[in-house]
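1. have a look at this fold, sequence not included:
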C-alpha cells in the first residue's frame, strides 16, 4: 500500500502545480494565455515539456511490454528512429510554424492551413480528422493510469477507479492551469521519468544479481534467444517504422507546443537533446522488458509466458476469440511494475511508480490541444468569439476539457486492446499520413486546398479501411501471416499476428506515400491561392 | 556546400539505422550483457544528437527570427 500512497502524494503535487499556474495567470481569461501560455515558455521548460508531452504511457509501459514479447527490436523500431526523425521535423517544420504563429497569431495548425490555402470548410474537415485521431491517444493515458494504479496498489485500486482518478487529476490541472499548468506539470513529470530509467535499471539489476547470467541463460534457451536479436521481425517491417515518427510533428498538441516558445533559440536545446532524452528513457525500459523473461519467481510474469507458449504451440487450432484472449494474457504492459514490486524496496517502488505515472499522464496536452482546436477552429471560426467574446471562448475551452475527458474515460473502460497496438494502429499511422499537409503548406508554393482535402480524405479512409480489415480478418497465430491478396506471385496484402502488411510494409508506408502523391497530383490540377497569400509563407533568407 | 554535406549526413544516418548486419546475432555482448544490436541502436541515438548539433550550428534558420522581429500585421495596422 505504501507505493500507492506515494503515487497519490505525487498526484496531489501535480494538482498543486496546475492550480499554482492558474493563480499565476490570474484566472486566464485571455485565449492566448490559457491555450499558449502567452507564447512565453523558456528553453528549459520548452525542452522538457515538449519531450514529456510526446512520451505517453507507452514510453515506459508500452516499450517494456513490447520488448517483453518482441525483444530488443523495440528500441530500434520506435526509439532510435524517433530520435532522428522527430528532431529533424522540429528543426525544419517546428521553427517555421513558430515564426508564422508569432507573426500572424495562429494558435492551431488548422488556422494556418485555412489562411495558407484560403479555405474554410476544408479546414473544418482537417479539424475533424485530427480530432478523431487524437482521441485514442488520450485514451492511452487513461488506460495506462488505470493499469498503473491497479498494479502499484497490488489490486486494491481497481482499473476503473485508477483510470477515473488519473482522468480527474489531469482534467483538473488542464482546466485550471491551461497551457502554463500543462507545461509546468510536464516539465516536472519529464524530470521524474528520466530519472526513472536509470534508477530502475540499477535496482532491478542488483535484485537480479546482475544481468550477465540472465542474458547467458536467455541465449541458452531456444524460446528466449531470439529476443536478444531481431530475427522475429522482417527488415521491411523495421524500415516501415521509420515512417511512424513523422506523426509527431503532425500531432496538433506537438505543433501547438511549438507555438509556446518565447524565442526560436529555445528550439536549439530541444533539437539537440531530444535523441538523448529518448535514449535515457527507452533503453533501460526496453532492456528491462527483455530481462523480465528471465524472472521465474513472479507468478504474473510466468502466467504471461505460459499464455505466450500456448499461443505459439496451439494457436493455429484455436478460435480467433481464444487467441485474442491469450494475447491479452500474454501482453506485458505491466511487467516493469511487476519487476519493481519484486526487486525494489517498497518506498522506492512507490517513487518509481510516480515516475511511471508521470509518463502515463502525458494525455494532458492532447486534451488541451483538442480544446484549443475546438474553440479556435470551430467556436471562433464560426463566429462564437465575435458574438460572445474572448472570456466565453476560454470558458468554452474549459467545458470542452471536461467533456472530452469523460468521453475518453468511458471508451478506455471498454477498449480491450493493449496500449501499444491501439496507439500505433490508429493515431500514429493516421498522423504520419497527414504530415504531407505541413510539408506542402510550408515548403511548396504550388500546393492547394484541394490537395489538402485529398490528403485528409485519403487519411480518414485509409485508417477506417485498416481498422475494418483488421476487425474482419482475425489475427493469425504466431508464425507466417495469412495471405489475403497476391498479384503475379507477390504478396500484396497479408494479415500478420501484429496487424496488416502491404507488400511486406506496415500500412503507414503506403499511407504516407499516397498522401504525398495525392497532394502533388491534385494541387497541380487545381487553382493556386493568391500570390500575396503564398508570399506570406515563403521568406527568402537573403532578403529578410 | 555545407548544406549539401549536412543533407548527405542526414541521409547516411537514416540508412545506417537499417543495421541488417546485426540482425540475427546477439554477439558480441557489450560489457558482457548488452546485445550488440541494442548497443548499436543506442550509439545511433548519440550519433543523432551529434548530427542535430551540427544542423543547429551550421544550418540554423536565423532568417525566421528576423521575420518575427517585424511586427505582426494587425499590430502594424493598428493606430
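-> Arrived safely, thanks for sending. Bear in mind the structure is a predicted one, so any value in this text is a computation, not a measurement.
2. identify the residues contacting the closest residue to residue B:6 other than its chain neighbours.
-> Closest residue to residue B:6 apart from its sequence neighbours, by C-beta to C-beta, 6 or more residues apart in numbering or on different chains: residue B:59 at 5.6 Å. All C-beta atoms are positioned from the backbone trio N, CA, C, and that covers glycine. Neighbour list for residue B:59: B:2, B:3, B:6 [criterion: C-beta atoms under 8 Å, 6 or more residues apart in numbering or on different chains].
3. buried ones only from those, please, as a ChimeraX command.
-> Here is the ChimeraX command that picks out the buried ones among those, judged by 16 or more other C-beta atoms under 10 Å in any protein chain shown:
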select /B:6
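4. now, which of the contacts of residue B:59 lie within helices?
-> B:2, B:3, B:6 (DSSP state H).
5. for the contacts of residue B:59, which one is nearest residue A:302?
-> Set against residue A:302, the nearest of these by C-beta to C-beta is residue B:6 (50.7 Å).
6. pLDDT at the closest one, what is it?
-> Per-residue confidence (pLDDT) for residue B:6: 96.
7. in which helix or strand does residue A:493 reside?
-> strand A:490-496 (DSSP states H and E).
8. spatially nearest residue to residue 61 (excluding sequence neighbours)?
-> Picking chain A for this. Residue A:61 sits nearest to residue A:333 (C-beta to C-beta, 6+ apart), 4.8 Å away.
9. try again with chain B
-> That would be residue A:95: by C-beta to C-beta, 6+ apart, it lies 5.6 Å from residue B:61.
10. residue A:336: neighbour count?
-> 28 (other C-beta atoms under 10 Å in any protein chain shown).
11. and it, which of the three is it?
-> Of the three states, residue A:336 takes helix under DSSP: H, G, I helix; E, B strand; the rest coil.
12. I'd like to know how far the closest residue to it other than its chain neighbours sits from residue A:446.
-> Nearest residue to residue A:336, sequence neighbours excluded (C-beta to C-beta, 6+ apart): residue A:64, at 4.1 Å. Residue A:64 sits at a distance of 46 Å from residue A:446 (criterion: C-beta to C-beta, to the nearest Å).
13. more neighbours: these two, which one.
-> More neighbours surround residue A:64 than the other of residue A:64 and residue A:446, with 31 against 14 (other C-beta under 10 Å).
14. residue A:515 touches residue A:430, doesn't it?
-> No: in this structure, residue A:515 is not within contact of residue A:430 by C-beta atoms under 8 Å, at 10.3 Å.
15. report the set of residues contacting both of the two.
-> In contact with both residue A:515 and residue A:430: residue A:459, using C-beta under 8 Å, 6+ apart.
16. where does chain A dip in pLDDT?
-> Chain A contains residues with pLDDT under 70 at A:1, A:25-29, A:56-58, A:415-425, A:540-544.
17. run the chain-centre distance for the top helix by length along it.
-> The residue-count maximum for a helix in chain A (DSSP H) belongs to helix A:159-207. With C-alpha atoms, centre = their mean, to the nearest Å as the basis, helix A:159-207 stands 15 Å off its chain's centre.
18. what do you get for stretch A:295-304?
-> 29 Å.
19. any idea how far residue A:530 is from residue A:449?
-> Applying C-beta to C-beta to residue A:449 and residue A:530 gives a distance of 12 Å.
20. before we move on, back to that, is chain B within reach of the longest helix of chain A?
-> No: using C-beta under 8 Å from any C-beta of the partner chain, we find that helix A:159-207 stays clear of chain B, coming within 9.0 Å at best.
21. so who does residue A:243 touch?
-> Per C-beta under 8 Å, 6+ apart, neighbours of residue A:243: A:432, A:506, A:508, A:509, A:512.
22. hang on, the fourth one packs against residue A:515?
-> To tie it back to what came earlier, the one meant is residue A:509. No: the pair residue A:509 / residue A:515 is not scored as a contact, 10.9 Å apart, by C-beta under 8 Å.
23. residue boundaries of the helices in chain B?
-> Under DSSP H, chain B gives helices at B:2-16, B:36-59, B:62-69, B:73-77.
24. tell me where the model's unsure across chain B.
-> Across chain B, the ranges flagged by pLDDT under 70 are B:71-79.
25. thinking again about what came up before, which positions in the strand holding residue A:493 come out as buried?
-> Buried residues in strand A:490-496 (16+ other C-beta under 10 Å): A:493, A:494, A:495, A:496.
26. what of stretch A:127-137?
-> In stretch A:127-137, counting by 16+ other C-beta under 10 Å, buried: A:127, A:129, A:130, A:131, A:133, A:134, A:135, A:136, A:137.
27. I'd like those as JSON lines, with secondary structure and distance to residue B:47 appended.
-> Formatted as JSON lines, these follow (DSSP: H, G, I helix; E, B strand; the rest coil; distance: C-beta to C-beta, whole Å):
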{"residue": "A:127", "secondary structure": "helix", "distance to residue B:47": "38"}
{"residue": "A:129", "secondary structure": "helix", "distance to residue B:47": "35"}
{"residue": "A:130", "secondary structure": "helix", "distance to residue B:47": "33"}
{"residue": "A:131", "secondary structure": "helix", "distance to residue B:47": "37"}
{"residue": "A:133", "secondary structure": "helix", "distance to residue B:47": "32"}
{"residue": "A:134", "secondary structure": "helix", "distance to residue B:47": "32"}
{"residue": "A:135", "secondary structure": "helix", "distance to residue B:47": "36"}
{"residue": "A:136", "secondary structure": "helix", "distance to residue B:47": "32"}
{"residue": "A:137", "secondary structure": "helix", "distance to residue B:47": "29"}
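28. need the residues you listed in CSV (columns: distance to residue B:21).
-> Below are the buried residues of stretch A:127-137 laid out as CSV (distance: C-beta to C-beta, whole Å):
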residue, distance to residue B:21
A:127, 45
A:129, 40
A:130, 40
A:131, 43
A:133, 36
A:134, 39
A:135, 41
A:136, 36
A:137, 35
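29. contacts with chain B among these, please.
-> Okay, of the buried residues of stretch A:127-137, nothing touches chain B (C-beta under 8 Å from any C-beta).
30. how about those, which pair is most distant?
-> Top of the distance list for the buried residues of stretch A:127-137 (C-beta to C-beta): A:127 and A:136, 16.6 Å.
31. now name the helix or strand holding residue A:154.
-> Per DSSP H and E, there is no helix or strand for residue A:154.
32. hmm, the residue nearest to residue A:336 is touching residue A:338, no?
-> No: between residue A:64 and residue A:338 there is no contact under C-beta under 8 Å: 10.0 Å.
33. no further questions, thank you.
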